[in-house]
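>>> I would like to see how this sequence folds:
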Amino acid sequence: MSGMVVQTRPNVGYAFEQLTVTNAVQVLTPSKYKDSNTSGGAASAFLTNDGAAIRYTYDGTTPSATVGHLLPDGGILVLNGQNQMSQFKCFRETTDSEISITYERE
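Numbers count the residues shown, from 1 in each chain. Model (predicted):
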């Protein structure tokens, strides 16, 4: 992977999930980022997209194939705070994709 920059994440990962992004709106799993076994749950969520471009929002707006921020195949997104995590929604642009999410705490 020539040319990739790896950044150190200040938080510690404690939970992981993978979601298939289809032509139905997908959201993050609340029991993952509101983990009652930790002190308050996730401070951030580190997401990577693998497969095809997706559209996403994190303000409660419903994305579609043409509405929302574009996250290309191989794209990385960091959501800060449980408000952004709870409002995150995603939708495929043309074909299904898969996102991997690591939930992090301080």
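>>> Surely Asp96 and Asn49 touch.
No - under the criterion of C-beta atoms under 8 Å, Asp96 is not in contact with Asn49, lying 11.4 Å apart. Heads up, the C-betas are built off the backbone N, CA and C, glycines and all.
>>> Could you name every residue contacting both of those two?
Val21 (C-beta atoms under 8 Å, 6 or more residues apart in numbering).
>>> Can you tell me the SS state at Thr66?
The three-state label given to Thr66 by DSSP: H, G, I helix; E, B strand; the rest coil is coil.
>>> Enumerate every residue touching Thr94.
Ala52, Ala53, Ala65.
>>> Out of the residues you listed, grab the one that's most surrounded.
Ala53 (18 neighbours; other C-beta atoms under 10 Å).
>>> coming back round to it: wait, which of the contacts of Thr94 is closest to Leu71?
Ala53 (6.7 Å; C-beta to C-beta).
>>> show me what contacts the closest one?
Leu70, Leu71, Pro72, Asp73, Gly75, Arg92, Glu93, Thr94, Ser97.
>>> and if you look at Gly60?
Gln87, Lys89.
>>> and it, which of the three is it?
Applying three-state DSSP: Gly60 is coil.
>>> What distance do you get for it to Thr94?
24 Å (C-beta to C-beta, to the nearest Å).
>>> now Gly81
Distance from Gly81 to Thr94, by C-beta to C-beta: 31 Å.
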